[in-house]
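In: Here is a sequence together with a model predicted from it:
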Amino acid sequence: MDNKKIFAKNLEMYMKKFDVDRYKIVEITGAKYTTVANWLQGANYPRVDKIQLLADYFGVKKSALTEEHIQPAALLRDIIDFEETINKPIQYKGIEFDDQDRISVLVYVATLFQTKYGLISSKIVKRSEKARNTQK
């Protein structure tokens, strides 16, 4: 996805989250209505000063508007799938993982989620903390 489309998607998401319409975006940025419409269609990309004004209004970093982010619903689906999978027997090259191996995998994946996405489900946090404590 190109930068204009990414910005359009992110701006639309924040507009919905904060119940803001295009007229409010015009007011915040001082841009013309047609310019804002073009941003939302992914036809044009705003100048950095306009992005900063929007970031300040929404209380986010500029990158929240300009960079592609994982969708929370997709992440949640992945976490649920992982939690269901980790409770099933796991085999690698015909060798079944014991409980300690499964805990190690859980801790590793929880760390990856935290590092890559900056968030993980509270269930994974609790389980990985418990796992770390039993490994000591």
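Out: Nice, thanks for sending it over. Numbering: from 1, shown residues only.

In: Spatially nearest residue to residue 48 (excluding sequence neighbours)?
Out: residue 62 (7.6 Å; C-beta to C-beta, 6 or more residues apart in numbering). From N, CA and C alone the C-beta is placed, and that goes for glycine too.

In: Show the pLDDT at that neighbour.
Out: We have a pLDDT of 92 for residue 62.

In: How about residue 34?
Out: 97.

In: related to what we said a few turns ago, got a list of what the residue nearest to residue 48 touches?
Out: By C-beta atoms under 8 Å, 6 or more residues apart in numbering, the residues touching residue 62 are 48, 51-52, 55.

In: If we use 7 Å, what do you get?
Out: 51-52, 55 (C-beta atoms under 7 Å, 6 or more residues apart in numbering).

In: what does stretch 20-39 contact?
Out: 7-8, 11, 15, 44, 46, 50, 53-54, 57.

In: any idea how far the spatially closest residue to residue 65 that is not a sequence neighbour lies from residue 103?
Out: Nearest residue to residue 65, sequence neighbours excluded (C-beta to C-beta, 6+ apart): residue 10, at 4.8 Å. Using C-beta to C-beta, to the nearest Å, residue 10 is found at 37 Å from residue 103.
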